[in-house]
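Colleague: quick check, what structure comes out for this input:
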Amino acid sequence: MVKAVVFDVGKVLVQWERDLPFRSLIPDDAERAWFMEEVIPLSWHAEHDAGRDAEEMIAERSARFPAYAAQIRAWLDRFNETVPGPVPGSVELVEALDAAGVPLYAITNFGADTWAGFAPTFPLFERFRDIVVSGVEKLHKPEAAIYAHAEARFGLAPETMLFIDDSLPNIEAARARGWHGHHFIDAAGLRADLLERGLIR
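Modeller: Predicted coordinates:
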């Protein structure tokens with residue numbers, strides 16, 4: 001039986017469009033696409049999610065691409081602009097689960113620096129009993145270690161938790177440890193799953 005629900009954050013609870021701040025900083029579409037892919041690629045961003053210090057990353061990247069130093073700095077300073085709002089329907093599902101007395105937790109791949117600046121802007125997190133942040137713990141999905149860490153911190157057995165994530169590899173990693181999993185596509189699909197499991201009405 002599922003006793004608790006564990007959410008991912010990005011693209012499950014909140015939208016994430018990482019090029020948003022750069023649409024004004026780099027108006028040319030082709031140049032901006034190059035910047036996103038070559039100067040601040042997702043693989044580089046993932047280093048921050050895994051625990052690398054943001055200032056160290058900015059210094060290293062700015063030395064490599066000095067003409068884009070200001071834009072690289074904006075990656076951190078304007079991070080909150082990459083989150084335009086909640087994923088439609090997800091807030092209501094969190095509220096429904098909370099109202100039903102279902103314990104709520106989260107595991108997110110998120111940099112420690114960006115999390116510290118973003119989390120206070122999203123009051124929904126107050127409904128969560130605990131949130132494991134990859135950049136803080138220096139563990140990240142889909143590594144098995146972050147799920148083991150969450151089990152210990154939440155004090156819950158794997159088979160009692162439902163994990164919701166938009167990344168299938170992250171879901172598969174949780175299932176490999178005995179968790180229940182829901183591969184998030186949209187709130188309608190999640191609502192149907194939660195109803196079927198009897199977690200909301």
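Colleague: quick one, what contacts Val102?
Modeller: For Val102, the contact set (CB atoms under 8 Å, 6 or more residues apart in numbering) comprises 3-5, 199-200. Bear in mind the C-beta positions are built from the backbone N, C-alpha and C, glycine included.
Colleague: again but with Arg175, I slipped
Modeller: Shown in contact with Arg175 (CB under 8 Å, 6+ apart): Gly181.
Colleague: how much space separates it from Asp166?
Modeller: Separation of Arg175 from Asp166 (CB to CB, to the nearest Å) stands at 15 Å.
Colleague: now list the buried members of the contacts of Val102.
Modeller: 4-5, 199-200 (16 or more other CB atoms under 10 Å).
Colleague: now, those residues that are in helices?
Modeller: Judged by DSSP state H, helices contain none of the buried ones among the contacts of Val102.
Colleague: now render those as CSV, adding pLDDT and distance to Glu137.
Modeller: As requested, the buried ones among the contacts of Val102 are arranged in CSV below (pLDDT from 0 to 100; distance: CB to CB, whole Å):
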residue, pLDDT, distance to Glu137
Ala4, 98, 19
Val5, 98, 20
Leu199, 97, 27
Ile200, 96, 30
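Colleague: end to end on stretch 47-55, go ahead and measure it.
Modeller: Using CA to CA, to the nearest Å, the end-to-end distance of stretch 47-55 comes out at 12 Å.
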